[in-house]
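> A structural model of the following input is requested.
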Amino acid sequence: MTVWEELKARGLIAQVTDEEKVKNLINSGQATFYIGFDPTADSLHVGHFMALCLMKRLQMAGNRPIALLGGGTGMIGDPSGKTDMRTMMTKETIAHNIECFKKQMSRFIDFSEGKAMMVNNADWLLNLNYVELLREVGAHFTVNRMLAAECYKQRWEKGLTFLEFNYMIMQSYDFYMLYKKYGCNLQFGGDDQWSNMLGGRELIRRILGKSEEEADAQAMTITLLLNSEGKKMGKTVSGAVWLDPDKTSPYDFYQYWRNVGDADVIKCLYLLTFIPVEEIKAMESWEGSELNKAKEILAYHLTELVHGKEEADKAQASAKALFAGGADSADMPTTEVSESDLGADGTVDIVTLLVKSALVPTRSEGRRAVEQGGVTLDGEKITDFRYAVAGEKLKGDGVVLRRGKKKYNKIVWR
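A predicted model of the protein is given here:
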């Protein structure tokens, strides 16, 4: 099976400019391709993970990845898929986030000499002269075509700022600069980036005076990671599922994938793992307890990819012990409680613990969970939302707080 055939079999390919050219490029290992990562947080998240896996697959086939860090585009913010304008970040925040991204990316991609590159678009975007940009680049974009782009449509009702309107031009210019400086002949991105990617390809073609047939800058979008309800995966009650173990523990990461819906597990195995296609295909007929086994395979494989075998083993052992009613909670996500959390009587109520441990987003939801019988403390069902835990009880090994069947947290005294 060729690389292209595998990408198709896994359902990774969404849209492509010239299938024959792109297929030949990546099958022959001749692609120098890039994927952009805007540093909107201090950690990569599950949404980035699929892109990193694609980069790794293509690198293993001899192609050269360029990880483009958005030190420049991050100053603007991509409006794609957003109903509100992104929060503006300072240069210091962007620089910090980029350093965090660099460390995490190096776990997946081999950035040794000639294997891959890491580039920051601030190197060319922040030094642009506005009038020169208008003359060199702006003349190749028509406003009516830009306004028709899918990435802007969701913003009509609340208003699209001129700041964000320029994002397409900046991303297009990125492709042109990478093409010119590093011979980058292919751009990958999420399916919501298609308009921006076409803009870059068109800019290269126009500046170099090439025809559609002569154009050798190609683009391909990959399938967005959506669940069976059409919603983006990688979100929990407490927020995004991060790749940084300090933001999402290996146990929580494992549990997220262990708890995916029955309708989503096989798709996730195809899109995110390196398990051979033939093995996954055999799982398509699994039902009931076999599907739970498929979820365990998915959770373990992804946790191992992101956090290493040792952490994957710990997360799996801890999850199985808890599911079986065991007491081993050493590797469970932990919430620390201190004297400042206690009331005057030296206790803390159960709803406060639920909120503090992010098992519920609000006190009202915590109260409902208790009243509906969905909360246990060290295996004992709690049905009174006024139930209070003595600070002394939290010392030593602490207590295990559980909401429902699948969400756990260890509460300990700090």
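
> buried stuff in stretch 400-410?
For stretch 400-410, burial by neighbour count (16 or more other CB atoms under 10 Å) applies to V400, L401, R402, R403, K407, Y408, N409, K410. For every residue, glycine as well, the C-beta is placed using N, CA and C.

> and the pLDDT at the last one?
Note for K410: predicted pLDDT of 82.

> residues in contact with the helix or strand containing it: which ones?
Using DSSP states H and E, K410 sits within strand 407-413. Residues outside strand 407-413 that contact it (CB atoms under 8 Å, 6 or more residues apart in numbering): 255, 322, 329, 332-338, 353, 357-359, 389, 391, 394-402.

> buried subset of those?
Using 16+ other CB under 10 Å as the burial test, those include 255, 322, 329, 332-335, 337, 353, 357-359, 389, 391, 394, 398-402 as buried.

> quick one on the thing from earlier: list the neighbouring strands of the strand holding K410 plus their orientation.
strand 334-337 (parallel), strand 399-403 (antiparallel) (DSSP bridges).

> with just CA atoms, put that strand into PDB.
Extracted C-alpha coordinates of strand 407-413, given in PDB (Å, rounded to 0.1, in the frame of the first residue of the first chain):
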ATOM      1  CA  LYS A 407     -14.800  10.500  35.800                       C
ATOM      2  CA  TYR A 408     -12.400  10.300  38.800                       C
ATOM      3  CA  ASN A 409     -10.200  12.600  40.800                       C
ATOM      4  CA  LYS A 410      -8.000  12.000  43.800                       C
ATOM      5  CA  ILE A 411      -8.400  14.800  46.500                       C
ATOM      6  CA  VAL A 412      -5.300  15.300  48.700                       C
ATOM      7  CA  TRP A 413      -4.200  17.700  51.400                       C
END
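
> sorry, back to before: want to throw the buried residues of stretch 400-410 into TSV with distance to C268?
Converted to TSV, the buried residues of stretch 400-410 look like this (distance: CB to CB, whole Å):
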residue	distance to C268
V400	28
L401	28
R402	25
R403	24
K407	20
Y408	22
N409	24
K410	27
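
> ok, of those residues, which one's closest to H140?
Among the buried residues of stretch 400-410, K407 lies closest to H140 (CB to CB), at 51.6 Å.

> and that closest one, bridged to which residues?
Counting by DSSP bridges, the residues bridging with K407 are R403.

> where's it relative to G72, distance?
40 Å (CB to CB, to the nearest Å).

> also K410?
Distance from K410 to G72, by CB to CB: 43 Å.

> same deal with I98?
The gap separating I98 from G72 is 11 Å, by CB to CB.

> overlap in contacts, the two.
N120.

> now do the longest helix seen in the chain: which elements does it pack against?
Longest among the helix segments of the chain by residue count, using DSSP state H, is helix 289-307. Other elements packing on helix 289-307 under the criterion 3 or more CB pairs under 8 Å, 6 or more residues apart in numbering; DSSP states H and E are helix 46-60, helix 250-258, helix 265-272, helix 277-283, helix 309-323.

> could you pull out the strands for the stretch 51-200 of the chain?
Per DSSP state E, counting those that start in this stretch, the stretch 51-200 of the chain carries strands over the ranges 64-69, 117-120, 186-190.

> domain assignment for the chain?
The chain breaks down by automatic domain parsing into domains covering 3-222, 235-323, 334-413.

> TSV for the strands of the stretch 51-200 of the chain, including mean pLDDT, distance to G11 and mean neighbour count?
Listed next are the strands of the stretch 51-200 of the chain as TSV, based on pLDDT from 0 to 100; distance: least, CB to CB, whole Å; neighbours: other CB atoms under 10 Å:
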stretch	mean pLDDT	distance to G11	mean neighbour count
strand 64-69	95	21	24
strand 117-120	94	28	19
strand 186-190	92	14	24
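
> so which of the ones you listed comes closest to Q104?
Proximity to Q104 (CB to CB) singles out strand 64-69 among the strands of the stretch 51-200 of the chain, at 10.5 Å.

> how far is that closest one from where the chain is centred?
17 Å (CA atoms, centre = their mean, to the nearest Å).

> also stretch 402-414?
Worked out by CA atoms, centre = their mean, stretch 402-414 lies 25 Å from the chain centre.

> quick one: terminal-to-terminal distance for it?
In stretch 402-414, first residue to last residue: 20 Å (CA to CA, to the nearest Å).

> same question for stretch 219-239.
End-to-end distance (CA to CA), stretch 219-239: 31 Å.

> now render the strands of the stretch 51-200 of the chain as TSV, adding distance to T32.
Compiled in TSV, these are given as follows (distance: least, CB to CB, whole Å):
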stretch	distance to T32
strand 64-69	5
strand 117-120	9
strand 186-190	7
